[in-house]
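Asks: show me how the following folds:
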Amino acid sequence: MPRHLSIPDAATAVCSRSELRARGMTEREIARAVEHGRLRKLQRNRYVAGAVWEDLWPESRHLVELSAAAAEMRAGGGVASHESAGALRRLPFYRHVPEAVHITLPPGTRMSSRPGLKRHHDRLPEDDIDVLGGIRCTSLDRTTFDLVRTLSPEAAVAVADAALGQVAMREGEYDDREAEVWRERMLERCRRYRASRGVRQAEQVIRFADGRSESPGEAVGRLQLRRLGFRRLRVQVPVRGPAGKDYRVDIEIEDVRTFFEFDGLGKYLEESQRSGRTVEQVVLDEKRREDWIRGTTQKRMVRAESPHILTPAALAQRLAAFGVVPPAR
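Replies: A predicted model of the protein is given here:
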């Protein structure tokens, strides 16, 4: 499975042309390595090993691209923003691959052009600027605002849920008051930037966001359920387990007494999520869990995978297979 990188690891993965030359590679050998995929050129003088690149999720690939661009920039050469700040802040990219590194500069600032670099011009207040891993980037609030108004609605909801989770989730407990403070703060930002592109979408996404959501697939599944007309959706619902410990179900569709679970492949294939269990043991544990939940609550359980949440129609078809019909509009 592809993997994520930390900010320091992303920086370490990048090597400069001079470092390659110091290792004994000639210009011709560097060019040949790029041609055959052993190296991938990121910026004019920065590279990453092809094998490393192929093993990464899009978020970590972009973090590597950002590290390469930051190494090429002069001090004070701008602030990482949009998707680039999102990668630094571990916000998810749902079905979105950034086409360039995003940098925000003060109005009137000039920067030499080069491929793979997208420039934005705006005056960022000091409160909107942070430093992560030695890279200047937009704050969590500003990054979230920029993304929820420029990405697709599905990707925007995944970002907003993740950002709110960073703000309101503390040691496994969700702080509703902190969540509402964040929501009002973000809506006030929308009011201040009323003339900006995508603000109407940003307001809708911020009102809909729920920081208890544990994955982009869960966030998008909830959005598609809402689009189908379901209104009473509870997130991360506790169900008392056989040993007195709560199970958590992704979403309860209270309208139709049905639980909804998004089944990402990572739950079964990523070692970090299996907690030392084999794939077979994870599948068996999931079966026992589902049997208990259905048996003790007398509610249906619908499991959906990535293809089922691509569109409202796709999800409606999946629900119909379980006898779940959206409410009449």
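
Asks: mind exporting stretch 95-112 as CSV, just the C-alpha atoms?
Replies: Extracted in CSV, the C-alpha atoms of stretch 95-112 (Å, rounded to 0.1, in the frame of the first residue of the first chain):
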residue,chain,number,x,y,z
ARG,A,95,-9.8,12.1,-5.5
HIS,A,96,-7.6,15.1,-6.2
VAL,A,97,-4.0,15.3,-7.3
PRO,A,98,-2.5,18.8,-7.1
GLU,A,99,-1.0,20.0,-10.4
ALA,A,100,1.5,22.4,-8.9
VAL,A,101,3.0,23.7,-5.7
HIS,A,102,0.9,26.7,-4.5
ILE,A,103,2.6,29.8,-3.2
THR,A,104,0.9,33.0,-2.0
LEU,A,105,2.8,36.2,-2.4
PRO,A,106,2.0,39.8,-1.5
PRO,A,107,0.4,41.8,-4.4
GLY,A,108,3.0,43.1,-6.8
THR,A,109,5.7,40.6,-5.8
ARG,A,110,7.6,39.0,-8.7
MET,A,111,8.9,35.5,-8.8
SER,A,112,10.7,33.8,-11.6
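
Asks: mind listing what's buried in it?
Replies: H96, P98, A100, V101, H102, I103, T104, L105 (16 or more other CB atoms under 10 Å). Yep, even glycine has a C-beta here, placed from its N, CA and C like the rest.

Asks: residues near the residue lying closest to the fourth one once chain neighbours are set aside, how many?
Replies: Okay, so that is V101. Leaving aside its chain neighbours, V101 sits nearest to A69 (4.2 Å; criterion: CB to CB, 6 or more residues apart in numbering). Neighbour count for A69, taken as other CB atoms under 10 Å: 25.

Asks: avg pLDDT for the helix or strand A69 falls within?
Replies: Using DSSP states H and E, A69 sits in helix 58-72. Computed over helix 58-72, the mean pLDDT rounds to 93.

Asks: repeat for stretch 200-208
Replies: The model assigns stretch 200-208 a mean pLDDT of 98.

Asks: in it, what's buried?
Replies: Within stretch 200-208, the residues scored as buried using 16+ other CB under 10 Å are Q201, A202, E203, Q204, V205, I206, F208.

Asks: what's the answer for stretch 307-319, then?
Replies: Under the neighbour-count criterion of 16+ other CB under 10 Å, stretch 307-319 has H308, I309, P312, L315, A316, R318, L319 buried.

Asks: so where's this protein shaky on pLDDT?
Replies: Within the chain, the segments meeting pLDDT under 70 span 1-2, 74-77, 112-113, 265-274, 328-329.

Asks: ok now the top helix by length along the chain, how far from the chain's centre?
Replies: Ranked by residue count, the top helix of the chain under DSSP state H comes out as helix 279-297. Centroid separation for helix 279-297 versus its chain: 28 Å, with CA atoms, centre = their mean, to the nearest Å.

Asks: can I see the domain layout of the chain?
Replies: Under the assignment automatic domain parsing, the domains of the chain span 157-212, 216-321.

Asks: so how far is the first residue of stretch 246-261 from its last?
Replies: Terminal residues of stretch 246-261 are spaced 16 Å apart (CA to CA, to the nearest Å).
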